[in-house]
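Trainee: Everything below, folded, please.
(one chain, ligands or ions: 1)
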Amino acid sequence: MEAIDKVRKTLVDLEIENIQAVIKEALDGGAAPLDIALTGLGSGMKEVGDLFQSEEYYLADLVLAGETMKEGMQVLEPLLSGESAAVKGPVIVFTVKGDIHDIGKNLVSTMLSSSGFKVIDLGVDVPEDKVVDAIKSSGASLVGMSVLLTPMISSIGDVVDAISEAGLRDKIKIAIGGACTTQELVDRFGLDALGNDAVDAVKIFEGWS
Ligand code: B1M
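Mentor: Model prediction:
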């Protein structure tokens, strides 16, 4: 859809001052908020990442892209949140130790909440002991980790080890998602699922509820 592509392009061009207007235009034209978030903004972010990797964009551009996406999500978030009683879960969501990317995690949290899950969002750069404490205090049996940085892959293992050492592993289902995650990592760390996007994450946790 042309309007969604315009959202993608506005993000890639880092036009923070235009992003909300372009999103509203797409909504007025009948585009679904989730499509705008995933196909418009989400694809744009991947492209920005590629431009950063090929050294066409600098770190400052990456920062501005993050701010532009957050600015756009201010329009979309209320539409995605909806009204839903928290009857499923709780599910613990966080970004792993050493990683501060939070946009994808926030989108996953929003989609889970709007699908009726009680979400305990621990934030970013979360050490494994905080995860174990949250499991114990909430009684949660569902955990979703966001991991975007390859050097932080070892943090996944730290969480799994801490949960196992607490004697909780067989009671907990663990899913991962984020730019650097793969099925190979799921197998390597003995995890339970890989979420490719926020819709996928909801499907996974619903399957376990
Ligand atoms: Co960062 N960064 N970044 N960055 N950044 C990436 C991840 C990178 C791939 C860019 C690139 O080089 N191509 C690269 C990592 C390379 C690697 O290790 N493989 C990278 C790098 C290198 C870095 C720094 C090291 C740069 C530096 O300082 N030199 C630094 C690290 C900081 C740190 O964390 N310690 C850094 C910093 C930043 C900013 C702060 C500037 C900013 C983040 C702002 C923020 O989050 N508040 C930023 C951004 C914006 C990106 C990119 C461009 C976009 C990430 C994003 O928000 N995507 C990113 C490029 C990329 O991802 N290809 C990149 C949109 C979001 C909706 O998608 O997070 O994938 P995503 O989430 C999706 C799915 O993956 C899934 O659902 C979401 C919605 O559909 N999902 C889950 C995510 N989590 C899930 C959990 C689940 C299930 C599904 O649980 C079950």
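
Trainee: Got phi/psi on residue 21?
Mentor: phi -60, psi -40 (degrees, to the nearest 10).

Trainee: Tell me how far residue 60 lies from residue 43.
Mentor: The gap separating residue 60 from residue 43 is 22 Å, by C-beta to C-beta, to the nearest Å. Just so you know, the C-beta spots here come from the backbone N, C-alpha and C atoms, and that holds for glycine as well.

Trainee: Have a look at those two and say which one is more surrounded.
Mentor: residue 43 (16 against 9; other C-beta atoms under 10 Å).

Trainee: in what helix or strand does the more buried one lie?
Mentor: Using DSSP states H and E, residue 43 falls within helix 43-53.

Trainee: Run through the neighbouring helices and strands of the helix or strand just after that helix.
Mentor: Sequence order places helix 59-81 as the next helix or strand after helix 43-53, per DSSP H and E. Counting contacts by 3 or more C-beta pairs under 8 Å, 6 or more residues apart in numbering; DSSP states H and E, helix 59-81 is packed against helix 2-12, helix 19-28, helix 33-35, helix 43-53, helix 103-114.

Trainee: quick one: average confidence on stretch 195-203?
Mentor: Mean per-residue pLDDT for stretch 195-203: 94.

Trainee: Can you name the residues in contact with that stretch?
Mentor: By C-beta atoms under 8 Å, 6 or more residues apart in numbering, the residues outside stretch 195-203 that reach it are 34, 37-38, 42, 104, 107-108, 110-112, 115, 144, 175-177, 204.

Trainee: thinking again about what came up before, ranking the helices and strands packed on helix 59-81 by burial, who's on top?
Mentor: Sort these by mean neighbour count, taking mean count of other C-beta atoms under 10 Å, and helix 103-114 sits at the top with a mean of 23.

Trainee: So is stretch 47-55 next to the ligand?
Mentor: Yes. Contact of stretch 47-55 with the ligand (C-beta under 6 Å from any ligand atom) involves 48, 49, 50, 52, 53.

Trainee: rewinding a little: adding mean pLDDT and distance to residue 155, write the helices and strands packed on helix 59-81 out as a markdown table.
Mentor: Shown next, in a markdown table, are the helices and strands packed on helix 59-81 (pLDDT from 0 to 100; distance: least, C-beta to C-beta, whole Å):
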| stretch | mean pLDDT | distance to residue 155 |
| --- | --- | --- |
| helix 2-12 | 96 | 28 |
| helix 19-28 | 97 | 31 |
| helix 33-35 | 92 | 29 |
| helix 43-53 | 94 | 20 |
| helix 103-114 | 92 | 14 |
